[in-house]
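Q: Build me a model from this:
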Amino acid sequence: MSLGDYWHTLSVEGSVVTLLITMVRIFVESSATILIGILGAAAIRVSGGYNAIQKWLGPAGSLERTFRLLAACLCVPVCALGVIPIAKEFSDSGMPRRDLAVIWLVAPLLNPLSLLYAISVLPIWQCGVFLLVACVYAVVVAEVAGRFSDQPENTNTTAISEVKHGTTRLWNAAVAAGQIVTGWSVVYSLLGMAISGIFVSLIPSGAFEKIFSFQNATGPIETMALTGPQMVTPITFTMAVSAIHSTHLAFACAIILQLLGVAWCGGTVLAMRSVWGIQRTLALLLITLVLATAVSYGTYSMFPPAAGDEEETHGLDTLARPYHATFGHFSLALSHQLNHTDAIMQAGTTLLGILALWGMAVRSRGLHFRKDPLPSTKEETTKSRWNVELTPGQVGMSLIGVAAFGIIMLMYSIFPGVEESFEQMKKVSADAVIAVKTNKTHVAQQKLAEWDTVAARMPVGWVLRMGIPDTKQASEIRALREMLEKTRRQFAQSELTNAEVRERGNELIDQFQSCRLACLGDES
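A: As a prediction, this is how the structure comes out:
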């Protein structure tokens, strides 16, 4: 695209619409991980910060310490925005810069939710490459940050006296969460969303199909420039890598997307600068650019694209300007950008909104931390065998166990098994095919969306039940979803004739049966 054509595609309306849509999309996609980051930061503040985990980490400055931090990062689902409040609490409580850099930049790469999504839709070798890159990146970041001056960190966290009473701990954690959700960390998160929206509005629709082309030798460099300031959420990264794999684009650009999009964003730079200063921030950013360039160009010969022609894919649309960036098509563009949201994102958005309201109440009413209640002077003893006093730790572990069991049951109910998924799709597909063949636009779009939702949840349910779809099964599921998305888009734009809709209905049935046969076998 020439410079004149590029300026012709830009408009104030398109930029404003893209900014709003991108901020909403990033907020919804990352709401659950931001919520976990805020709650984790509140727990850190109440439990004593860095001192509480200092013994567990092992010898300072050692490689063992770095890998222990990696193991901890694998257990905490946070994104580049969700990790900011956690990093701030550890920084204020005196964590060394070496360890803090690993948490800040590597935790988003090891997001367990991202890994769960990735395993369900990507080949296992790609997941292994991303894990290996994250581990190498952690070692490099630790070595660079370890050479920073060992000046004491600023300890600005509100002083909290140690408490042992369980109810008091819960109250203090709630107050801390309310303070954090209305504090500076959220400001940098909003700035990160706004910066992402501005940069996305400058990238033409469909630009990344050309940038990620295997024939484009400057693809990694262009990817650095265009996705570095962006906030790439875990689900966006997974969809982009899946699109790169299925449309035979350069896997090298996926490495850049991981290190410069998932680990960094505009909010990361601003927040890190406020903690460490501009020189240390630029040092970490520079070593990231060097490592990303070396690894990405090294993968060109190791991971050539699969055989086939390059295709246009809508899996990369969230990285660039929407196709319908006008106020008249605002709802359509927003629905296209959010059609992949699931129950986790929806619940995270709702709970984060509730937590924000609680934070406003904490600030407006001036709620403060409490101390342990004074012990009662009168001791009452009974001989009942049920008169057992539980420590706060035991109560907390019980609550964690109950919450974990509830989350597991919720995940199993949201993401059914393979057989249950195909039973659900069988019921929905019948209505969808009838609506397609009779050219009922609204009903067809609704049923196709329901069908695609069940198909999208099936790989995750497969992984939750300790199974992994093989290459053929994953490709059949991907082909079915691509046909559903293509049909729904064509119905929305009225691109199909009466003869074509009848033929498309037959193609949907054939693809569904092919996918069913690949996943369930001949006995199905």
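Q: Now do the contacts for the closest residue to residue 233 other than its chain neighbours.
A: Leaving out its chain neighbours, the residue that sits closest to residue 233 by Cβ to Cβ, 6 or more residues apart in numbering is residue 29, at 4.0 Å. Every C-beta, even on glycine, is put in place using the N, C-alpha and C of the backbone. Taking Cβ atoms under 8 Å, 6 or more residues apart in numbering as the criterion, residue 29 is in contact with 233-236, 341, 345.
Q: what about 10 Å?
A: Residues near residue 29 by Cβ atoms under 10 Å, 6 or more residues apart in numbering: 79, 231-236, 318, 337-338, 340-341, 345, 348-349.
Q: Need phi/psi at it.
A: When quoted as degrees, to the nearest 10, the phi and psi of residue 29 stand at phi -70, psi -40.
Q: Could you report the pLDDT at it?
A: The score at residue 29 is 92. That number is its pLDDT.
Q: quick one: it from residue 349, how far?
A: Distance, residue 29 to residue 349, by Cβ to Cβ, to the nearest Å: 9 Å.
Q: now do residue 249
A: From residue 249 to residue 349 the distance is 31 Å (Cβ to Cβ).
Q: what do you get for residue 53?
A: Residue 53 is 30 Å from residue 349, by Cβ to Cβ.
Q: Measure how far the one helix or strand residue 518 maps to is from the centre of its chain, please.
A: Following DSSP states H and E, the helix or strand that holds residue 518 is helix 498-520. Centre-to-centre, helix 498-520 and its host chain are 32 Å apart (Cα atoms, centre = their mean, to the nearest Å).
Q: could we number from 2 for the rest of this?
A: I'll keep to 2 as the first residue from here, and by that count the last item is helix 499-521.
Q: list the buried ones in that helix?
A: 502, 505-506, 509-510, 512-513, 516-517, 519-520 (16 or more other Cβ atoms under 10 Å).
Q: Which one's more surrounded, residue 250 and residue 350?
A: For residue 250 and residue 350, the more surrounded residue by other Cβ atoms under 10 Å is residue 250, and the numbers stand at 28 against 20.
Q: what secondary structure does the more buried one sit in?
A: Following DSSP: H, G, I helix; E, B strand; the rest coil, we place residue 250 in the coil state.
Q: contacting residues around the closest residue to it other than its chain neighbours?
A: Spatial nearest neighbour of residue 250, excluding adjacent residues (Cβ to Cβ, 6+ apart): residue 213 at 4.0 Å. Contact analysis of residue 213 by Cβ under 10 Å, 6+ apart lists 220-221, 223-224, 241, 244-245, 248-255, 257-258, 306, 311, 314, 317, 320.
Q: Now, those that are in strands?
A: Residues of the contacts of residue 213 located in strands (DSSP state E): none.
Q: Please, a ChimeraX command that selects the buried ones among those residues?
A: This is the ChimeraX syntax for the buried subset of those, where burial follows 16+ other Cβ under 10 Å:
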select :220,221,223,224,241,244,245,248,249,250,251,252,253,254,255,257,258,306,311,314,317,320
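Q: and residue 217, how many neighbours does it have?
A: With other Cβ under 10 Å as criterion, residue 217 counts 16.
Q: Now it: phi and psi?
A: Per degrees, to the nearest 10, the backbone of residue 217 is at phi -90, psi 100.
Q: That one touches residue 254, doesn't it?
A: Yes. Look at residue 217 against residue 254 with Cβ atoms under 10 Å: they come within range, at 8.7 Å.
Q: list the residues that contact both of the two?
A: 223-224.
Q: Could you tell me which ranges of the protein sit under the pLDDT cut-off?
A: Residues of the chain meeting the criterion pLDDT under 70: 2-10, 150-163, 165-167, 307-315, 375-400, 402-414, 523-525.
Q: now the strands for it?
A: Counting by DSSP E, the chain contains no strands.
Q: The closest residue to residue 65 other than its chain neighbours: neighbouring residues, count only.
A: Among residues not flanking residue 65 along the chain, residue 59 sits closest, at 5.1 Å (Cβ to Cβ, 6+ apart). Neighbourhood size, residue 59 [other Cβ under 10 Å]: 15.
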